[in-house]
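**Student:** This is a predicted model, with the sequence first.
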Amino acid sequence: KKTAAKKAPAKKAAASSTAKSTLTVQFNGRDLTKDLFDKTFSDVWTYDFGRKTSEVKKVTYYFKPEENAVYFVTDDGTEGRFEI
């Protein structure tokens, strides 16, 4: 009779050493937050690009205060911008 091989115990995920953080940029009398960028990106992605936000796994923002604009690049290489 064969015995089943024992499975190794599941490893616990390492505890994150980074505290949760937020970012607020105060510029021209406005508070600009990542949440604002995310909401605006979602609107632009949905209405201007005609795509679903579920398609995006990662988005990188580039804030250009001299242009009052945020540029973005998604994980699939799509680029765009929106004014703030």
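**Tutor:** Noted; the coordinates are in hand. Just so it is clear, the model here is predicted, and its values are computed rather than measured. Residues are numbered from 1 along each chain as shown.
**Student:** ok, which stretches of this structure are strands?
**Tutor:** Assigned by DSSP state E, the strands in the chain fall at 24-27, 30-33, 59-64, 69-74, 79-83.
**Student:** out of the ones you listed, nearest to residue 44?
**Tutor:** strand 79-83 (5.0 Å; C-beta to C-beta). (Glycine included, C-beta is placed from N, CA and C.)
**Student:** what about dumping the CA coordinates of that closest one to PDB?
**Tutor:** The C-alpha coordinates for strand 79-83 follow below in PDB (Å, rounded to 0.1, in the frame of the first residue of the first chain):
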ATOM      1  CA  GLU A  79      -0.800  56.900 -22.600                       C
ATOM      2  CA  GLY A  80      -3.000  59.800 -22.000                       C
ATOM      3  CA  ARG A  81      -3.500  63.000 -20.000                       C
ATOM      4  CA  PHE A  82      -6.100  64.900 -18.200                       C
ATOM      5  CA  GLU A  83      -6.300  68.400 -16.800                       C
END
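**Student:** which parts of that strand are buried?
**Tutor:** For strand 79-83, the neighbour count (16 or more other C-beta atoms under 10 Å) marks residue 82 as buried.
**Student:** What angle do strand 69-74 and it make with each other?
**Tutor:** Orientation of strand 79-83 against strand 69-74 (axes from the mean of the first three to the mean of the last three C-alpha atoms, to 10 degrees) gives an angle of 150 degrees.
**Student:** Determine the set of other helices and strands touching strand 79-83.
**Tutor:** strand 69-74 (3 or more C-beta pairs under 8 Å, 6 or more residues apart in numbering; DSSP states H and E).
**Student:** Tell me which of the strands of the chain sits nearest to residue 48.
**Tutor:** Closest among the strands of the chain, once you apply C-beta to C-beta, is strand 79-83, at 7.5 Å.
**Student:** Tell me the strands beside that closest one, with direction?
**Tutor:** strand 69-74 (antiparallel) (DSSP bridges).
**Student:** Identify each buried residue in the partner strand, please.
**Tutor:** 70, 72, 74.
**Student:** Is the last one bridged to anything, and to what?
**Tutor:** Residue 74 has these beta-bridge partners by DSSP bridges: residue 59.
**Student:** Over to the first one?
**Tutor:** Taking DSSP bridges, one obtains residue 63, residue 82 as the residues bridged to residue 70.
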